[in-house]
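[1] Task: produce atomic coordinates for the following.
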Amino acid sequence: MPIQKNEPARRLKASPKKDTGGPVRQCAVTRESLSQDELIRFVRSPDGVAVPDVSAKLPGRGAWLEADRAVIQKAIKTDALSRAFKARTSMTEGVLELIEAQLVQRCLGLLGMARKAGAVILGFDQVRAYLRKDAPGYLLEASDGSEDGRNKVHFLAKAMYDSPKVAGALTSAELGMAFGRERVIHALLQEGSLSDSFGTAYRRLTGFRAAPEIDWFSGRDR
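    The predicted model follows:
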């Protein structure tokens, strides 16, 4: 039976890319060969527990699963990692929540790097002023922000640029944590490598947390 992955209204799809010869791994559940950017690496501890390694930096042999909640659940149900590691392997407790937390931290870390690099615009008026003179890399709208405010930002961007990218799965408190403030509702990442890296990390996050911007704007920004 095919896996029922996150429905299209929740998850962002990876953008089509040219073949750059980058690392490709096979998902231990779907058997599909995917870019590492679309997968979660797991490593097996000496006591036989598989732990997620979102940054893919932990030592040891790894196994890979597609970055999607339903795929991870299928791996648990079918004991897929025992087969992948050729040894009895259990998943660490609360693995789905742990993966989501690691992916959130990855996104926040990249946003913090962008802030230090001076590549971030914060605030409703400041974001709109920037949009009037330059294209955004990513518009950041807090998931708990007001519909009116985010619509005004998005529709201005949409009127001036083709398919502005929006990330709306992070809360105002999480955005505030990334930018050294209590709360942030509206922000903008300038175009560049950090914006590209954030987009990659954010797409993986939406395999575990809903991407509300798709519903907000009826898919017109994608």
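[2] Which residue ranges of the chain form strands?
    With DSSP state E, the ranges of strands along the chain come out as 24-26, 33-35, 39-44, 49-53, 62-66, 90-91, 120-122, 136-141, 166-167, 186-190.
[3] What count of nearby residues applies to Val29?
    A total of 24 residues lie near Val29 under the criterion other Cβ atoms under 10 Å. In short, each C-beta sits where N, CA and C put it, glycine included.
[4] what's the answer for Asp37, then?
    Using other Cβ under 10 Å, Asp37 is surrounded by 16 other residues.
[5] Turn the strands of the chain into TSV, columns for distance to Thr78, mean pLDDT and mean neighbour count.
    What follows is the strands of the chain, written out as TSV (distance: least, Cβ to Cβ, whole Å; pLDDT from 0 to 100; neighbours: other Cβ atoms under 10 Å):
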stretch	distance to Thr78	mean pLDDT	mean neighbour count
strand 24-26	15	93	16
strand 33-35	18	94	14
strand 39-44	14	96	23
strand 49-53	13	94	19
strand 62-66	11	96	23
strand 90-91	12	94	18
strand 120-122	42	98	21
strand 136-141	36	98	26
strand 166-167	32	96	26
strand 186-190	38	98	24
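[6] Which among those strands is found nearest to Arg128?
    Judged by Cβ to Cβ, the one of the strands of the chain that comes nearest to Arg128 is strand 186-190, at 8.5 Å.
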